[in-house]
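# Build me a model:
(one chain, ligands or ions: 1)
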Amino acid sequence: MNKLLLSLIFILSLNIAFGQFNKIQTEDGDKCGYDPVKDAELLDLYGKNWGYGYGDLLNDIAEWEQSDYIQVQSIGQSTLGREMYELTITNFDPVKTLKHRIYIHVRTHPNEVQSFRVADEIINYLSAENGIGNYLRDLCIFHIVPMYNPDGVELEYPRENANGVDIESNWNAATPEIEVQNLRARFEELMLEENPIEIALNMHSAHECHRFFWVHHANGTSELYYGLEEEFVESVRSHFLEGIMPFDSHVSWSGGNPGQYPESWWWTNHQEDVMALTYEDMNCASAGLYDQTAYAILYGISDYLDLGYTSIPEDLSNFSFNINTYPNPVKDILSIESNLSSSKEVNLAMYNSLGTLVYETTYTGSTKIDFQSMNLSPGLYIINCKYNGYTNTEKIIYSY
Ligand SMILES: [Zn+2]
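Predicted coordinates for the structure are as follows:
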């Protein structure tokens, strides 16, 4: 066989290997695989604003601001004038050494609320007194934008901002949308620090119902970078092997850097200095295990940066206990499932926003709370589920 024929076969087999993922990635910049029918079903399931709106964010911010480890600021305003909030999480006491800087922005696509659920658990870990968050706060500064597209969330535009523009793929526009400008200016500002950003995660969730990272082919980056991407993703994955797909399950940019994404901007301006990746959680009804995912991401960051975190047994037994609550907001009946076997008894206590106990029960496997028959007033309720010394807390909105 001559060389030309060999290379033709090689190109052909590359196309077969990467074909399906290229298709998702390149058609219209919609790498998350948007499906309007599935989205309508999920909006119905999760409720208004896919279960988490700007008002919910403001409530959480008021709570996050109480933490000694969290400072909140705005990086600018959205098209319709909503604040784009950023949390800085670290130990703020006098810094002895330069800390590693990690930037996470979330919910570019409003319908991908699961990306926030993961980020919310990351915030929980990073603000906890013990465990991995406490360890990482001494060595790192985390910046988290929990709602990058607040107008889209409030308008219930599944993909776009108030101008109808998908701000995920607007980074190479002559005049990008204001949301893009604000985030980019913040990136630029932090890259001038003595300790610039080393890891930048862009949090999404995909209808195909898998957890994975989009890694960028060496054709659009470099062989060195492709190796670093493998190291990063496999570091995360090693802490949630059964839940996160192998690093090369979704490879994009085999035809070069497409230019329009945040990661395109990172590669163009900072190459191997910044590990910039899109993470896709599961955008489907079976999504969940957000705390385990958050833990794997944080542990993977520690491994990748050689920070030396080693798990203590408490962290692992915490995973054996998870709950899922749905729908939220609830109109009549709330379903609660734990992932424990049916022999494990969970204690459930529900409080109103004033902290008064309004309901208590024990259950195994799953249970339901009938809000409508309990004569409760609409508003915020807190559910604490306890098992074996561990507590899972969920905030539920009751509206009828
Ligand atoms: Zn997305």
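
# Check what pLDDT the residue most central in space within the chain gets.
Closest to where the C-alpha atoms of the chain average out (C-alpha atoms, centre = their mean) is Ser115, at 3.2 Å. Note on Ser115: pLDDT of 95.

# what about it, which SS state?
With DSSP: H, G, I helix; E, B strand; the rest coil as the basis, Ser115 sits in helix.

# Hmm, it is touching His204, no?
Yes. Counting by C-beta atoms under 8 Å, Ser115 touches His204, with 5.3 Å between them. In this view, the C-beta of every residue, glycine as well, is placed from N, C-alpha and C.

# Could you name every residue contacting both of the two?
In terms of C-beta atoms under 8 Å, 6 or more residues apart in numbering, Ser115 and His204 are both contacted by the residues His109, Tyr279, Asp281.

# Including neighbour count, secondary structure and pLDDT, could those residues go into JSON lines?
Formatted as JSON lines, the shared contacts of Ser115 and His204 follow (neighbours: other C-beta atoms under 10 Å; DSSP: H, G, I helix; E, B strand; the rest coil; pLDDT from 0 to 100):
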{"residue": "His109", "neighbour count": "28", "secondary structure": "coil", "pLDDT": "95"}
{"residue": "Tyr279", "neighbour count": "24", "secondary structure": "strand", "pLDDT": "98"}
{"residue": "Asp281", "neighbour count": "27", "secondary structure": "strand", "pLDDT": "96"}
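
# If we ignore the residues flanking it in sequence, what's nearest the residue of the stretch 51-200 of the chain found nearest the ion?
Of the residues in the stretch 51-200 of the chain, the one nearest the ion is His109, at a distance of 3.6 Å by C-beta to the ion. Leaving aside its chain neighbours, His109 sits nearest to Arg159 (5.3 Å; criterion: C-beta to C-beta, 6 or more residues apart in numbering).

# And that neighbour, what's its pLDDT?
Reported pLDDT for Arg159: 93.

# Which residues are in contact with it?
Asp30, Tyr34, His109, Pro110, Asn111, Gly152, Asp166, Glu168.

# Just the closest of these to Thr362, please.
Asn111 (35.8 Å; C-beta to C-beta).

# The closest one contacts Ala40, doesn't it?
No. The criterion here is C-beta under 8 Å, and Asn111 misses it with Ala40 at 9.6 Å.

# can you pull the contacts of Leu136?
Leu126, Phe142, Leu298, Ile301, Ser302, Leu307, Tyr309.

# any idea of the mean pLDDT for stretch 197-216?
95.

# Going by neighbour count, which residues in it are buried?
197-208, 210-216 (16 or more other C-beta atoms under 10 Å).

# Also stretch 381-389?
Tyr381, Ile383, Asn384, Cys385, Lys386, Tyr387.

# sec struct for the third one, please.
When the structure is reduced to helix, strand and coil (three-state DSSP), Asn384 reads as strand.

# what's the nearest residue to it if we skip its chain neighbours?
Ala349 is the one closest to Asn384 (C-beta to C-beta, 6+ apart), at 4.9 Å.

# Which strand or helix spans the one you found?
strand 345-352 (DSSP states H and E).

# Also Asn134?
Following DSSP H and E, one finds Asn134 within helix 131-139.

# Report the angle between the helix or strand just after that helix and helix 131-139.
Past helix 131-139, further along toward the C-terminus, the next helix or strand under DSSP H and E is strand 140-145. The directions of strand 140-145 and helix 131-139 differ by 110 degrees, with axes from the mean of the first three to the mean of the last three C-alpha atoms, to 10 degrees as the criterion.

# Much appreciated, bye for now.
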